[in-house]
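*Asks:* Any chance you could fold what I've pasted below:
(one chain, ligands or ions: 1)
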Amino acid sequence: MRTPYDNQSYYYDLDWRRYIFDGETDYAWVSDHRVLAAVRGILSVSELSETDKAVYDELEKFLIGFDYGASDYEKAKRVYEEITGRAVYHEGKCVQADDEVHSILIAGTGKCVGFARTYKLFANAVGLKCGFREDGAHMWNGVYVNSEAITIDASTVGASADFYLWRMRAVCPYCGHENTFGNREAGRPCGNCGIQIQNPKYN
Ligand SMILES: [Zn+2]
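*Replies:* Just a heads-up that it's a prediction; the model follows:
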């Protein structure tokens, strides 16, 4: 199956031994570059490992009938709902498989690294730019919606796509500048004049 992104530029980094589709977000310590390369038609599916092939098959199923013309927001939401709908966080002792996309898609469980890798892979496959975020103990994603990196964490129990992706716009009453709030921000200085304004959601 071909996608609208098959002809997007990429290169093979000989030091990292990886296909790099986006120089800004692909140089992370985990990567599923071979699966994405197969999706884009760069690698033959027969060159994939057994586990990568299983991931590839699941991703291809997800892509059947996918609306590539949807907005970034809708795509980011669709990917989130696919992953959270098929996997639950593994509460037990960490095992190697928890960090793998294969576990999320096939076993239906894993830990944050597995969820974040799956989110990036699926987001990239539908044409979204997406990176990893981490603080040493936890990993999540920054997905680009209309060129803005938005925090999203598919491993959080009981959250929703809208919780992460939803943005409230508020016009500054003093200078008229349009400010954008994240879902969890109560207030912040106006990006233009600096006066403190509140997120309308909380007022
Ligand atoms: Zn202002």
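
*Asks:* Please count neighbours and contacts with C-alpha atoms only from this point.
*Replies:* OK.

*Asks:* where's the residue located most distally from the centre of the chain, which helix or strand?
*Replies:* Distance from the C-alpha centroid of the chain peaks at Y174, with 36.1 Å (Cα atoms, centre = their mean). Using DSSP states H and E, Y174 is not contained in any helix or strand.

*Asks:* how far away is it from I197?
*Replies:* 10 Å (Cα to Cα, to the nearest Å).

*Asks:* Repeat that for E60.
*Replies:* In terms of Cα to Cα, E60 sits 45 Å off from I197.

*Asks:* One more: G114?
*Replies:* With Cα to Cα as the criterion, G114 and I197 are 38 Å apart.

*Asks:* more crowded one of those two?
*Replies:* G114 (26 against 18; other Cα atoms under 10 Å).

*Asks:* How about the more buried one, nearest residue that isn't a chain neighbour?
*Replies:* D99 (4.0 Å; Cα to Cα, 6 or more residues apart in numbering).

*Asks:* got it, and V30?
*Replies:* R117 (7.4 Å).

*Asks:* For this structure, which residues are neighbours of the ion?
*Replies:* 172, 175, 190, 193 (Cα under 5 Å from the ion).

*Asks:* Go through those residues and name the one nearest L128.
*Replies:* Proximity of the residues of the chain next to the ion to L128, judged by Cα to Cα, is greatest for C190, which lies at 28.6 Å.

*Asks:* List the contacts of the closest one.
*Replies:* Counting by Cα atoms under 8 Å, 6 or more residues apart in numbering, C190 touches 172, 177, 179, 196-197.

*Asks:* Among those residues, find the lowest-pLDDT one for me.
*Replies:* Here the lowest pLDDT out of those sits on N179, with 85.

*Asks:* Does that one belong to a helix, a strand or coil?
*Replies:* strand (DSSP: H, G, I helix; E, B strand; the rest coil).

*Asks:* residues near it, how many?
*Replies:* So N179, with other Cα under 10 Å, has 18 neighbours.

*Asks:* beta partners for it?
*Replies:* Per DSSP bridges, the residues bridged to N179 are A170.

*Asks:* Hmm, it is touching C172, no?
*Replies:* Yes. N179 is within contact range of C172, at 7.0 Å (criterion: Cα atoms under 8 Å).

*Asks:* quick one, strands of this structure?
*Replies:* Here the chain has its strands, by DSSP state E, at 11-13, 18-20, 88-89, 109-110, 130-134, 139-145, 148-152, 168-171, 178-181, 187-189, 196-198.

*Asks:* Now stretch 84-99: buried residues?
*Replies:* Buried residues in stretch 84-99, counting neighbours by 16 or more other Cα atoms under 10 Å, are found at 84, 87-90, 98-99.

*Asks:* Pick out whichever of the residues you listed sits closest to D162.
*Replies:* For the buried residues of stretch 84-99, the nearest to D162 is T84 (13.1 Å; Cα to Cα).
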